[in-house]
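Chemist: Just need the structure, nothing else, for what follows:
(chains A and B)
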Amino acid sequence: MKFIRFLKESFQIVIKGSPRYYTWLAFLFILIVWGASGYIQQLKHGLLVTNMRDPVSWGFYIGNFTFLVGVAAAAILLVIPAYIYNWKPIKEVVLFGELLAICAMIMVILFVIVDIGNPTRLWHMMPFLGKLNIPQSLLAWDTVTLLGYFILNCFIVGYLLNSLFYKKEYNKKLLTPLILLSVPVAISIHTVTAFIYNGFAGRPYWNSALLAPKFLASAFCSGPAVLLILFQILKKTTNFEIKDEAIWKIAELMAYAMFINLFFFFAEVFKEIYSNTEHVVHLKYLFVGVGENKDIVFYGWASLIISIVAFLLFLIPKTRKNPITLNIGAVLIWFGVYIEKGIALLIPGFTPDTMGQVYIYRPSITEIKIATAIFAIGFLIFTVVTKIAIAINFEGFNIDTLKRKKATSA
Amino acid sequence: MSIQKTTFSPKKVDRRSFLKAAAATSSAAALAACGDKAAIEEFLQRDFRSLSKEKIAKIIERLEAEYAQKYGKAFTVSTKEPIPETFFGYALDLSRCIGCRKCVYACVDENNQSRDPQLHWIQVLEMEKEKGVDFIDANLYYDHEEVPHEGHFYVPIACQHCKNPPCVKSCPVGATWTDSDGIVVIDYNWCIGCRCCMAACPYGARHFNWGRPTLPAEDANPNTHYLGNRPRMKGVVEKCTWCIQRVREGRYPACVEACPVGARKFGNLLDKDSEIRYILENKRVLILREVLNTQPKFYYFYST
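Modeler: Predicted coordinates:
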């Protein structure tokens, strides 16, 4: 009952805002409607409206899915120091990291739904309802871990905000084990997602033991990069507070993660080029092209160069602590990892295909429309829940002030 | 290497198909009343292997009525189980194949594949004799006046019906499995269309219905199997079933019959006197991508 009251009061917070807030919501709403029209087309004509075909059977949707699983998993980068080492400056913002994780998970689930040929049959892969091919299928495992992580984070965040709203001490015996549990679950969602690709022996580009470690390393860059940018925006536009030390610490951790990511990348490049087996063709497709097909060469190099520049910006303390170079670095990392997951990971895995044929894949307008709508939904939910969290954390929105308000108005 | 792109064209309606459609509409009106109920039943339908005999019978009845109405002729949808003591194998003679693609189109005719967009279960690769079996330099889209083209040989590839199939392993909902006669089948009503199996298959054997498959009524083959050549819906994966509707009746797959040079051999691996056993024991045999341990039951051999 109390939680329902909390939701009711939160709803009041959500519907009241500045003109800028309403404009932002309206903008997102327009994007959602625009994208939804694309999805209606897709429902009618099938995935034919995408540019995916048999040779490249996963594309923009699954690329975004993979990237966002990384963003969701990266919330733990903040949880670990905050809770285990009790490092105060970060602890205050962990909540927002978890909110981001929840929104990323919603987008992840939506990207799976739009990628599936028969969305009405989605219940076939729901635990208990359908029939999950466990322990064999990695996608079945991924469904379980993703749902588990989503529910876990929703509970933790809901419980925390509810406690803060009622000014109650939260039950540490309940919450601490759950937060600790979320750490291995976060690692597992990204590991299992990597294992989906990794497990295809017939796709040598993905069939490398370094894939899962690389996924984690790059997620530890991209997730916090998204957070850093969001924190700066929130700081400018709302009453959100964050200490500079916290931002610098996050940036430092990102530098280490990016180093590991780049090191893994070079280890793979060495293995492929030095052994020079027929499998090198996929890496060639990414960096020099195969025959006349050089479609993604630009992205291959862009992702690499961007990542190296961002790494240097985060490594050098002077540029890490300068707000301008810090933000440039965060944006670069975001782009670098987005290109890496969306294009550099996915497309060469399918090109040339198992029969040695090259099909040039570029997302169709419909794919871009639908993806835009999903991102807009994610941002919309993040905006709303963050508004509630900021009100509770920084604007004194709680049960006492509400009671006082009611008393004065009466 | 070449590039193919399936284009999306709206369905054309000519006079004949219009009249047919009009005739169908009258019977459709009768069926419409129970149409919603059928749609709900179909939505709630469990996977094939966990259905009771009675439920399967009901589903078959529904499907046969639906197809008869749609294609204007009587359909049979068999659910015939594997023949005991049977384990199928397939052999293809690389020294004979001339790359004419007769098998490709015989397969399309037999198995009710979509005509637009075109979907082929058999892909014929043209390879250079100098290079041997080499996929990277193979050409799927060769187009010569005459075949075989000088200096080239041909490798037709369809589902290899692996003993250790990576596709079956990858399916999150168990919509694909190996039956006891060794045929890898798909339950089109349980497949969610996630395409994991397509990423998993090292032979490009699995194909997806990106759009609504179109099958002109006059081209439809009414002798079907539930796990094989019955008309498919959009958003599901399909592949070669060795003509399950034929081989479980003791007939040869359509491609075996269509091959003008007799390059295709099919039989029971458990039968010591079969042609397929003779080939495996006496000819030079190779399987594709042996290193992956998929253990295909599709063998390539050289008779000369």
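
Chemist: thinking A:Asn133 is in contact with B:Gly174, fair?
Modeler: Yes: with contact defined as CB atoms under 8 Å, A:Asn133 reaches B:Gly174; the gap is 4.2 Å. From N, CA and C alone the C-beta is placed, and that goes for glycine too.

Chemist: For chain A, give the helix that spans the most residues.
Modeler: Looking across chain A with DSSP state H, the single longest helix is helix A:244-275.

Chemist: and the closest residue to chain A within chain B, what is it in contact with?
Modeler: Residue of chain B nearest chain A, by CB to the nearest CB: B:Gly193 (2.0 Å). If you count contacts by CB atoms under 8 Å, 6 or more residues apart in numbering or on different chains, B:Gly193 has them with A:47, A:116-118, A:121, B:208, B:235-237.

Chemist: out of the residues you listed, which are buried?
Modeler: A:47, A:116-118, A:121, B:208, B:235-237 (16 or more other CB atoms under 10 Å in any protein chain shown).

Chemist: In CSV: the residues you listed, plus distance to B:Gly250 and pLDDT.
Modeler: Output for those, formatted as CSV (distance: CB to CB, whole Å; pLDDT from 0 to 100):
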residue, distance to B:Gly250, pLDDT
A:Leu47, 38, 97
A:Ile116, 38, 97
A:Gly117, 34, 96
A:Asn118, 34, 96
A:Arg121, 35, 96
B:Phe208, 31, 98
B:Gly235, 34, 97
B:Val236, 28, 98
B:Val237, 28, 98
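
Chemist: ok, so of these, who is nearest B:Arg46?
Modeler: Of all the buried ones among the contacts of B:Gly193, B:Arg46 sits closest to A:Arg121, with 11.4 Å by CB to CB.

Chemist: where does the residue of chain B closest to chain A land on pLDDT?
Modeler: Predicted confidence (pLDDT) for B:Gly193: 98.

Chemist: what about it, helix or strand, and which?
Modeler: In this structure, B:Gly193 sits in neither a helix nor a strand according to DSSP states H and E.

Chemist: Tell me the backbone dihedrals of the residue nearest to it when sequence neighbours are not counted, please.
Modeler: Spatial nearest neighbour of B:Gly193, excluding adjacent residues (CB to CB, 6 or more residues apart in numbering or on different chains): A:Gly117 at 2.0 Å. Torsion angles at A:Gly117 (phi, psi; degrees, to the nearest 10) stand at phi -70, psi -30.

Chemist: hang on, A:Gly117 packs against B:Lys234?
Modeler: Yes: between A:Gly117 and B:Lys234 there is a contact at 7.1 Å, judged by CB under 8 Å.

Chemist: so what sits against both of the two?
Modeler: With CB under 8 Å, 6+ apart, A:Gly117 and B:Lys234 have common neighbours A:46, B:209.

Chemist: quick one, what contacts the spatially closest residue to B:Tyr90 that is not a sequence neighbour?
Modeler: The shortest distance from B:Tyr90 to any non-neighbouring residue, by CB to CB, 6+ apart, is to B:Phe298 (4.7 Å). Counting by CB under 8 Å, 6+ apart, B:Phe298 touches B:89-92, B:158-161, B:287-288.

Chemist: okay, now A:Leu110: neighbour count?
Modeler: Burial of A:Leu110 is recorded as 22 neighbouring residues (other CB atoms under 10 Å in any protein chain shown).

Chemist: which one is it nearest to, not counting chain neighbours?
Modeler: Distances taken as CB to CB, 6+ apart put A:Ile374 closest to A:Leu110, at 4.6 Å, once the chain neighbours are dropped.

Chemist: Report the buried residues of the helix or strand hosting that neighbour.
Modeler: According to DSSP H and E, A:Ile374 maps onto helix A:365-394. Of all the residues in helix A:365-394, those buried under the rule 16+ other CB under 10 Å are A:366-367, A:369-371, A:373-393.

Chemist: go on, stretch B:295-304?
Modeler: By neighbour count with 16+ other CB under 10 Å, stretch B:295-304 contains the buried residues B:296-301.

Chemist: what about it, start to end distance?
Modeler: End-to-end distance for stretch B:295-304: 24 Å, by CA to CA, to the nearest Å.

Chemist: right, and B:Lys283 touches B:Arg277 too?
Modeler: No: contact criterion CB under 8 Å: B:Lys283 and B:Arg277 do not qualify, at 11.0 Å.

Chemist: gap between A:Tyr299 and chain B?
Modeler: 19 Å (CB to the nearest CB, to the nearest Å).

Chemist: In contact with that residue, which residues are there?
Modeler: So A:Tyr299 contacts A:339, A:343-344 (CB under 8 Å, 6+ apart).

Chemist: orientation of the one helix or strand it maps to relative to helix A:244-275 in degrees?
Modeler: Using DSSP H and E, A:Tyr299 sits in helix A:297-315. Counting by axes from the mean of the first three to the mean of the last three CA atoms, to 10 degrees, helix A:297-315 lies at 140 degrees to helix A:244-275.

Chemist: Which members of the buried residues of stretch B:295-304 occur in helices, if any?
Modeler: Among these, no member falls in helices (DSSP H).

Chemist: any chance of the residues you listed in TSV, with pLDDT too?
Modeler: As requested, these are exported to TSV (pLDDT from 0 to 100):
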residue	pLDDT
B:Pro296	98
B:Lys297	98
B:Phe298	98
B:Tyr299	98
B:Tyr300	98
B:Phe301	98
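
Chemist: Okay, and which of the residues you listed map to strands?
Modeler: B:298-301 (DSSP state E).

Chemist: tell me the contacts of A:Gly329?
Modeler: Residues in contact with A:Gly329, defined by CB under 8 Å, 6+ apart, are A:225, A:251, A:309-310, A:313-314, A:319-320.

Chemist: any idea which of these is the one closest to chain B?
Modeler: A:Ala225 (28.4 Å).

Chemist: So that closest one sits against A:Ala330, correct?
Modeler: Yes: counting by CB under 8 Å, A:Ala225 touches A:Ala330, with 4.4 Å between them.

Chemist: What pLDDT does the model give the most centrally placed residue in chain B?
Modeler: In chain B, the C-alpha nearest the mean C-alpha coordinate belongs to B:Cys240, at 2.6 Å (CA atoms, centre = their mean). At B:Cys240, the pLDDT value in this model is 98.

Chemist: so it sits in a helix?
Modeler: No: judged by DSSP: H, G, I helix; E, B strand; the rest coil, B:Cys240 forms no part of a helix; its state is coil.

Chemist: Phi, psi for it please.
Modeler: For B:Cys240, the backbone dihedrals are phi -60, psi 140 (criterion: degrees, to the nearest 10).

Chemist: give the contact list for it.
Modeler: Neighbouring residues of B:Cys240 by CB under 8 Å, 6+ apart: B:107, B:111, B:121-122, B:158-159, B:205.

Chemist: Dump those residues to a markdown table, plus secondary structure, distance to A:Leu31 and neighbour count.
Modeler: A markdown table is the format used below for the contacts of B:Cys240 (DSSP: H, G, I helix; E, B strand; the rest coil; distance: CB to CB, whole Å; neighbours: other CB atoms under 10 Å in any protein chain shown):
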| residue | secondary structure | distance to A:Leu31 | neighbour count |
| --- | --- | --- | --- |
| B:Cys107 | helix | 45 | 23 |
| B:Asn111 | helix | 43 | 28 |
| B:Trp121 | coil | 41 | 24 |
| B:Ile122 | coil | 44 | 19 |
| B:Ala158 | coil | 44 | 25 |
| B:Cys159 | coil | 42 | 26 |
| B:Ala205 | coil | 39 | 26 |
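
Chemist: Return the residues of the stretch 151-300 of chain B in contact with chain A.
Modeler: Selection of the stretch 151-300 of chain B residues close to chain A by CB under 8 Å from any CB of the partner chain yields B:157, B:166, B:168-175, B:190-196, B:198-204, B:206-212, B:233-237, B:289, B:292-294.

Chemist: Mind doing that once more with 6 Å?
Modeler: Counting by CB under 6 Å from any CB of the partner chain, the residues of the stretch 151-300 of chain B close to chain A are B:169-174, B:192-196, B:198-200, B:202, B:204, B:207, B:210-212, B:234-235, B:292.
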